[in-house]
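*Asks:* Okay, here's the prediction I keep looking at, along with the sequence it came from:
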Amino acid sequence: MLKWVIMTDKELKELVAGLAISNAENAKMFEETKMLFKETDKQFKETNKQFKETDKKMQENAAELRKTEEILKNLGIHVGGMANSHGQSTEEYFYNSLANNPRLGNIKFDEISRNLHYKIPNLEDEFDITMFNGNNIALIECKYRAKEEDVIKLIDKKVGNFRTLCPIYANHTIYLGIASFSFDERLEKFAKANGVAILRQTGDLVEIEADNLKAY
């Protein structure tokens with residue numbers, strides 16, 4: 001059953017005015033939402049443009065790298081072999097320097113060997129420079145640019161591997177050294193703190209810091 005609501009002229013005007021305000025607010029909210037969508041769309045297009053530019057740059061860099069590798073290849077130089085070449089030259093330099101005077105700190109050695117390679121089931125390793133005498137072994141790791149992780153590997157891995165691979169030296173004391181053309185201050189502190197000798201190039205000579213040698 002319908003009920004009729006009788007409104008005064010004043011109430012009717014107020015209702016109409018209220019509806020007008022509501023419609024205006026809705027229209028304003030609609031415009032703001034539309035602007036927000038436009039701004040979001042603009043940002044998306046800009047981001048998409050940046051992705052395209054980045055992808056283009058990566059493709060250009062890849063093309064330049066392939067071109068450089070091709071040039072090096074034509075010159076007989078392989079990128080993968082450059083690091084190996086640096087490593088070999090480092091080993092050769094320090095080996096030749098120690099060959100005439102195989103000494104680490106106050107310890108004199110009778111024999112010196114380079115690139116000793118040992119292999120048994122489940123274990124294989126190579127040692128850059130190894131020096132021997134009746135009671136002691138010196139393991140020298142050679143790196144063109146030495147890093148702290150090289151010293152950690154020398155301590156945590158190389159010593160144990162050598163004892164396992166060469167049981168005839170089980171009763172020998174092992175001393176360690178890191179040889180490189182480039183050291184940073186952090187590595188030097190770490191090596192010294194762990195009793196690892198530092199071998200570096202100084203002019204035409206090899207400088208050896210082995211004051212705090214530790215027996216391993």
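*Replies:* Great, that's in hand.
*Asks:* drop to CA atoms for contacts and neighbour counts, all remaining ones
*Replies:* OK.
*Asks:* What is the neighbour count of Ile208?
*Replies:* Residues within reach of Ile208, counting by other CA atoms under 10 Å, total 18.
*Asks:* So it: helix, strand or coil?
*Replies:* Of the three states, Ile208 takes strand under DSSP: H, G, I helix; E, B strand; the rest coil.
*Asks:* was I right about it contacting Arg200?
*Replies:* Yes: contact criterion CA atoms under 8 Å: Ile208 and Arg200 qualify, at 6.6 Å.
*Asks:* Arg145 in helix, strand or coil?
*Replies:* Strictly by three-state DSSP, Arg145 counts as coil.
*Asks:* Tell me the backbone dihedrals of the nearest residue to it once chain neighbours are set aside, please.
*Replies:* Sequence neighbours aside, Ser182 is the residue nearest to Arg145 in space, at 4.8 Å (criterion: CA to CA, 6 or more residues apart in numbering). Per-residue torsions, Ser182: phi -140, psi 120 (degrees, to the nearest 10).
*Asks:* and Ser182, what pLDDT?
*Replies:* In this model, Ser182 is scored at 88, pLDDT.
*Asks:* for the one 3 residues further on, same thing?
*Replies:* For Glu185, the pLDDT comes out at 82.
*Asks:* cool, and the one 4 residues further on?
*Replies:* At Lys189, the predicted lDDT confidence score is 92.
*Asks:* Look up how far Val196 lies from it.
*Replies:* Distance, Lys189 to Val196, by CA to CA, to the nearest Å: 10 Å.
*Asks:* Could you do Leu123 as well?
*Replies:* For Leu123, the distance to Val196 - CA to CA - is 24 Å.
*Asks:* between the two, who's got more neighbours?
*Replies:* Comparing Leu123 with Val196 by other CA under 10 Å, the one with more neighbours is Val196, at 28 against 10.
*Asks:* Least confident secondary structure element in the chain?
*Replies:* The helix or strand of the chain with the lowest confidence, counting by mean pLDDT, DSSP states H and E, is helix 9-74 at a mean of 64.
*Asks:* Next up, the contacts around the residue nearest to Arg145.
*Replies:* Contact partners of Ser182, counting by CA atoms under 8 Å, 6 or more residues apart in numbering, are 144-146, 200.
*Asks:* Can you say which of those residues are buried?
*Replies:* Among the contacts of Ser182, those scoring as buried are 144, 146, 200 (criterion: 16 or more other CA atoms under 10 Å).
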